[in-house]
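J.: Predicted model and sequence follow; I will ask about them next.
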Amino acid sequence: MIFFDNAKESVTNFFETEFENFPPLLMSHFLNKFNDIMNYSEEGMKIKPKIIFTDNVEAIVRAIPKSSLLCLFEDSDATMFNSRLKSILAIANNDWCLYIDIKENKISYGLVMTFRSIKDKNFLQALQDNSSLRERQVKMHCIIARPLNFYTMLLHSISGNDLTVNFSLDKSKSNIFATEIKEFVDVTFSKLRTTQRKLQDMKNMYLNIFTNVMNDVNGAICVIVDKDYTDNGLFEDGIWLKEPISFSKLFTQSKSYSEEKLQAFADLFINMLNFDGITIIDNLGRLRAYNVFVEPNSKKVGYIVGGARKRAAYFILSTKRKGIVGVYFQSHEGEVFFQALKKREPEKKKASSHPKQTNVSNENNSTNA
């Protein structure tokens, strides 16, 4: 019989290192609920709760602009942990984070978030990137526990250390969302030319959109094509927009923009991703098509463990069609990967074996160029 005792030991050691004097009873309760947190659902809706363990939630809220906390329970110890968790997890969705604030004789439970534009970092991103909290003279502790999917939990400390716990026996399911989505977002805007500030706003917006997709959407495929891509039949079974939706035109070309309009189009993007089929964008970050279907060639793809969505993703990658830049895949279980397609180099002409002819050929090629 095999047990995951090494995972339990690793989590315990991580808390002991990153959170001095963490209550043993609270640690025991958290370990017992570890798997439930990764697989939590309420009324049939999956929820990926973000839990912040800290001993100074007030300092965190002060350090992150436009943040607010809602305290729901205060106890003298961790005895009520399971009950408090159940009461809050059901509403700890979207951008709300569940916090557990641990003082010497009091444990508080509640919710915290930042009220922001869709182009700004969400609360967890702002917390993880906040250098002032990391460099505080007065020592404080903070660990974020965040389920990535049905079998993976990420622990992140305010000092910048991470621990990823994965209970899947399939190594292909060990991809980390933050890593995959960063590459996806970078490739999505690889052809967009604008200021660094506006480019970062665009990337933040896409990161926020796909964080919501990861939390709320039961699987998706998003294909990135080149900005000049013209479909030659591979994606003909779908709905191509007569005019691509350009987020850059919505707010990067002027000093003022409509937040409501931007949010409405972001929600539309999520609805497209949540719809059956493939959503297609280009490397200017424009929405090009949705509800697109392909018929995978089993001989070309080979045997793939997974459903139709996964087979479609690998089939698209296997075609190596000109103009396809990358494929983002997400399963209903939360498995995620992004794979960029490298640009094919033009085939080189074979050089003549005769030295003089080779030199002449090279000179001619140089002149023609």
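T.: Here it is on my side, so go on.
J.: Can you list the residue ranges for strands in the stretch 101-250 of the chain?
T.: Here the stretch 101-250 of the chain has its strands, by DSSP state E, counting those that start in this stretch, at 107-114, 142-149, 152-157, 162-166, 220-225, 237-246.
J.: out of the ones you listed, nearest to Lys121?
T.: strand 107-114 (8.1 Å; Cβ to Cβ). From N, CA and C alone the C-beta is placed, and that goes for glycine too.
J.: The closest one packs against which elements?
T.: helix 57-63, strand 67-75, helix 81-89, strand 97-102, helix 123-129 (3 or more Cβ pairs under 8 Å, 6 or more residues apart in numbering; DSSP states H and E).
J.: and with 10 Å instead?
T.: Applying 3 or more Cβ pairs under 10 Å, 6 or more residues apart in numbering; DSSP states H and E, one finds that strand 107-114 contacts strand 51-54, helix 57-63, strand 67-75, helix 81-89, strand 97-102, helix 123-129.
J.: Export those to a markdown table and append columns for mean pLDDT, mean neighbour count and distance to Leu192.
T.: Compiled in a markdown table, the helices and strands packed on strand 107-114 are given as follows (pLDDT from 0 to 100; neighbours: other Cβ atoms under 10 Å; distance: least, Cβ to Cβ, whole Å):
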| stretch | mean pLDDT | mean neighbour count | distance to Leu192 |
| --- | --- | --- | --- |
| strand 51-54 | 96 | 23 | 34 |
| helix 57-63 | 91 | 17 | 31 |
| strand 67-75 | 94 | 14 | 30 |
| helix 81-89 | 92 | 17 | 38 |
| strand 97-102 | 96 | 22 | 31 |
| helix 123-129 | 85 | 19 | 21 |
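J.: Deepest in the core, which of the strands of the stretch 101-250 of the chain is it.
T.: Compared across the strands of the stretch 101-250 of the chain, strand 220-225 shows the largest average neighbour count, a mean of 24 (mean count of other Cβ atoms under 10 Å).
J.: Ser10 reaches Asn166, doesn't it?
T.: No: the criterion here is Cβ atoms under 10 Å, and Ser10 misses it with Asn166 at 11.1 Å.
J.: Contacts only, for Ile144.
T.: Counting by Cβ atoms under 10 Å, 6 or more residues apart in numbering, Ile144 touches 50-54, 97, 99, 124, 127-128, 154-158, 162.
J.: If Ile324 is in a bridge, with which residues?
T.: Val225 (DSSP bridges).
J.: can you list the weak-confidence ranges in the stretch 51-200 of the chain?
T.: Within the stretch 51-200 of the chain, the stretches with pLDDT under 70 are 136-138, 169-176.
J.: Tell me the spacing between the residue lying closest to Glu74 once chain neighbours are set aside and Leu89.
T.: The shortest distance from Glu74 to any residue other than its chain neighbours is 5.0 Å, reached at Ser108 (Cβ to Cβ, 6 or more residues apart in numbering). Separation of Ser108 from Leu89 (Cβ to Cβ, to the nearest Å) stands at 16 Å.
J.: how about the helices of the chain, start to end?
T.: Here the chain has its helices, by DSSP state H, at 5-18, 24-32, 34-38, 57-63, 81-89, 123-129, 131-134, 177-188, 196-216, 247-251, 259-274, 298-301, 308-319, 355-368.
J.: if we can go back for a sec, quick one: which of the strands of the stretch 101-250 of the chain is nearest Leu70?
T.: Closest of those to Leu70 is strand 107-114, at 4.7 Å (criterion: Cβ to Cβ).
J.: could you give the angle of the closest one to strand 67-75?
T.: Interaxial angle, strand 107-114 versus strand 67-75 (axes from the mean of the first three to the mean of the last three Cα atoms, to 10 degrees): 160 degrees.
J.: what lines up beside strand 107-114 in the sheet?
T.: Applying DSSP bridges to the sheet, strand 107-114 is found paired with strand 67-75 (antiparallel), strand 97-102 (antiparallel).
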